[in-house]
Structures are given as C-alpha cells and as structure tokens.
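K.L.:
Could you work out the structure for the sequence below:
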Amino acid sequence: MATITRVEILQVDLAPLVKRTDAIQAFITQETPMVRITTSDGLTGTGYSYTIGTGGSSVVALLRDHLAPRLLGRDPLQIEAIWKSLFFSTHATAVGAITALALAAIDTALWDLRCLAANRPLWLEAGGAQKSVPVYTTEGGWLHIEPQALVDDALAAKAGGFGGSKIKVGRPHVAEDMARLGAVRQAVGPAFEIMVDANQAFTVAEAIRRARHYEALDLAWFEEPLPAEDMDGHVRLSQSTSLPVAVGESIYHPSHFREYLQNRACSIVQADVARIGGITPWLKVAHLAESFNVAICPHFLMELHVSLCAAVPNAAWVEWIPQLDPVASSRLTVTNGKVSAPDEPGLGITWDWQAIAKHQAFTPLVITA
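P.N.:
I've put the predicted structure just below:
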C-alpha cells in the first residue's frame, strides 16, 4: 500500500487577463494556493484552489500548520476518509471559505493521484456521464462594459461557437441594466442564451423588481440575486418570477445546497469545486441536485469543471473564464458549442512549472515525515 510521504505547498498569483468588475467588487488578482502530494511509490498529484485577491495567505497557513501534516502516512486512495477527518479537525473554522479552499487544494491533489494511479482521466474516474458539455462565456460581460462593447463581445462569442454569454447586472437603476441586456438580446436573437449575475447585490424587493423587468428578455438564469445567507429571500424571489434562480458559488457545504433545494429556493446550482471543499463534496452536490431534477452549472475554474461536468449527467453548462493560461499549457477548445473533457490521466491540467516558478508568491513549503 502506497502512503503519503511528502506535501509541498505553494501559491501562484495571477493577474486577470481582462478587467473584471461586478456589482460589489473587482477581481484584483487570483491567489492560487497549490498542493503537491507525493506517495511512497513515486506518484505526485497536484491540486489547487483560488481567491480573487484576499485570503490566500490564510489558506496557506491553514494548510501548512494544520492540514498538510495530517496527510503524512495516510493511504492517498482513502479520499473520503481523509476529507472527513480533515473537515472535523477544522471544526472550529468550518463551515466557511478559508477552510473549504484549503480542503479543496488537498482534495483535488488526491483525486489527481487517484486518476494517475488508475491511468484514467478525471471525467471517467468520477462518473463518465457525458464527454462534452455546452459552454458560455463571462469574459466580455463585466459590469463596467458599455452596451456596444457587450454586443460586440456577444456576437463574437456566438460566431466562435459559444452557446451563451453572461452579463453582470446591478447598475444603479434597472433601466441601465435593461439597456445593456436589451441591446445584446436584439443583436444575438432569441436562440442565444443570456445569463445575468448580480453577485449578491440586491435586497429581496429590488431583486423581485428587477426580475420582473428581466423576464421579457427570456434569460437563461438570474444568478446570485441576493446574499447567499438569505435563503428565505431566495424562496420569495423564486416564487415570484419565471426566471430560473441560480446560486452556489458562495455556498460552502453540501448540506446548505440540500436546504436550498428542499425549500425550492433555487432552480440551478452552481457549486464551485474550490469553495465547496474539493471534488469529493462537489460530486455529492451534483448528485444531490440530480435527485431534485436540477441542473448543475458550476462557477469559474473551467479547466477543472469541464471534467466534473462530464462526469455527471445533470451538468448543463461550463463557464468560460480562462484564468490558468499563464501557468498551464493545456487548453479547452470550443466545438459546436461544447467543450470536451481531457482524456489524459489525472485532472487533465498540464502545468507549466517554469511559468509557475515565475509567478510564485513565496518559496514552496515542504512537509515530510
């Protein structure tokens, strides 16, 4: 039986490839905590998570001081047992973002190891439900972008094979949102999907009001209309609108998704593999949503989510935000509106270690027995 003999912790800081703004924040930098786990039989798995500008050092400290040392001597294939023991070891800081991001860096590395040991790609090892998944783009829809630029980007996306575009909403008045969205709908026609994302900016009353206006545009979904902790508000909104309500990037445990689904507070779940704590809980959320006949359309991390979406039958979309291009040589290709999961063993991400060394925030930390 192989055991874990070495854990390496590093962080890569990546600048956004384009300016990114939404109703409550700007995407300053992607802090990317990474974990490399090596076993006694010589295999090394690589995992990662991310922040959008703050908290990376806290994730690294949790990994260094508390989680990584607990991995030494463990059987790397006992992923469920490891996840559960690490989660309980951090009970005082769970459930929450920092703990989830740290767990995700470890869990994705363990899944990489599992797939490498089995000589199978992640999408097949985790379920093998569908080889390719429809894709939409968010990169041209940020809140600061004016209507004509939104139109130009959406038309380019449509011509490039994308099935939809996400546009940020939350301008000071609903009329401004409608001017931006209306221009895009008129340009792309009725068959191209438009998603909107408020990034938790609205009160319940304002979300209901804006949804009433948005309905005329036949949108694919209304994403994060309210703070994630306001489940009752999501119930009220869902009962008042025909728009699908999407939530999940700011939810950090499968049980919270269960509560949303049981209360009919959403109709699309957007579990983020990093913010939910890794592949292990992400798959549980996906199958939970399937039991409610609800689609999963994950947030961000397209390089990893493409394989997870291909693993489950109810994944409807992959979000196109190519953030790893500076440090990974693997690329997703849009073909007939879809992207296909990589067939290489492991997570399917080909890391460029020379480029990673240039972007490192600190000298890698190594923990051994």
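
K.L.:
Let me know the average pLDDT across stretch 80-98.
P.N.:
For stretch 80-98, mean pLDDT is 95.

K.L.:
Now find how far off-centre that stretch is within its chain.
P.N.:
Relative to its chain's centre, stretch 80-98 lies at 19 Å (Cα atoms, centre = their mean, to the nearest Å).

K.L.:
start to end distance for it?
P.N.:
Stretch 80-98 has an end-to-end distance of 20 Å (criterion: Cα to Cα, to the nearest Å).

K.L.:
And stretch 268-276, by the same measure?
P.N.:
Stretch 268-276: ends 16 Å apart by Cα to Cα.

K.L.:
do stretch 200-207 as well
P.N.:
With Cα to Cα, one end of stretch 200-207 sits 10 Å from the other.

K.L.:
same check, this time on stretch 260-274
P.N.:
OK, stretch 260-274 end separation, Cα to Cα: 19 Å.

K.L.:
can you pull out the strands in the stretch 101-250 of the chain?
P.N.:
Taking DSSP state E, counting those that start in this stretch, the strands of the stretch 101-250 of the chain run over residues 132-137, 164-168, 193-197, 221-223, 245-247.

K.L.:
can you tell which of the ones you listed is closest to His66?
P.N.:
strand 245-247 (29.6 Å; Cβ to Cβ). Just so you know, the C-beta spots here come from the backbone N, C-alpha and C atoms, and that holds for glycine as well.

K.L.:
next helix or strand past the closest one?
P.N.:
helix 254-262 (DSSP states H and E).

K.L.:
Check which residues of stretch 359-369 are buried.
P.N.:
By neighbour count on 16 or more other Cβ atoms under 10 Å, the buried set for stretch 359-369 is His359, Ile367.

K.L.:
Centre of the chain to it, how far?
P.N.:
The answer for stretch 359-369 is 25 Å, by Cα atoms, centre = their mean.

K.L.:
ok, residues contacting that stretch?
P.N.:
Applying Cβ atoms under 8 Å, 6 or more residues apart in numbering, the external contacts of stretch 359-369 come out as 5-14, 31, 56, 60, 64, 68-69, 72-73, 326-327.

K.L.:
Only C-alpha atoms, please: export stretch 353-367 in CSV.
P.N.:
Output of stretch 353-367 as CSV, limited to C-alpha atoms (Å, rounded to 0.1, in the frame of the first residue of the first chain):
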residue,chain,number,x,y,z
TRP,A,353,6.3,24.5,-13.9
GLN,A,354,8.8,27.1,-15.2
ALA,A,355,5.9,29.6,-15.6
ILE,A,356,4.6,28.7,-12.1
ALA,A,357,8.1,29.4,-10.6
LYS,A,358,8.0,32.9,-12.1
HIS,A,359,4.6,33.6,-10.5
GLN,A,360,5.2,32.1,-7.1
ALA,A,361,4.3,34.3,-4.1
PHE,A,362,6.9,32.6,-1.9
THR,A,363,9.4,29.7,-1.8
PRO,A,364,7.4,26.5,-1.7
LEU,A,365,6.9,24.9,1.7
VAL,A,366,7.8,21.2,2.0
ILE,A,367,6.4,18.9,4.8
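
K.L.:
pLDDT (mean, whole number) over stretch 11-31?
P.N.:
The model assigns stretch 11-31 a mean pLDDT of 94.

K.L.:
wait, stretch 301-318
P.N.:
98.

K.L.:
what's the span of it from first residue to last?
P.N.:
9 Å.

K.L.:
Now that stretch: buried residues?
P.N.:
For stretch 301-318, by 16+ other Cβ under 10 Å, it's 301-312, 314-318.

K.L.:
Check the offset of it from the chain's centre.
P.N.:
10 Å.

K.L.:
So how do I select the buried members of the contacts of stretch 359-369 in PyMOL?
P.N.:
Buried residues among the contacts of stretch 359-369 (16+ other Cβ under 10 Å), as a PyMOL selection:
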select buried, resi 5+6+7+8+9+10+11+12+14+31+56+60+68+326+327
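
K.L.:
I'd like to know which elements the longest helix along the chain is packed against.
P.N.:
Longest helix of the chain, by residue count under DSSP state H: helix 97-118. Applying 3 or more Cβ pairs under 8 Å, 6 or more residues apart in numbering; DSSP states H and E, one finds that helix 97-118 contacts strand 30-39, strand 44-48, helix 56-62, helix 79-89, helix 122-125, helix 279-291.

K.L.:
Domain map for this protein?
P.N.:
4-120+350-368, 123-340 (automatic domain parsing).

K.L.:
Single out the most deeply packed of those.
P.N.:
Comparing these by mean neighbour count (mean count of other Cβ atoms under 10 Å), domain 123-340 comes out on top with a mean of 20.
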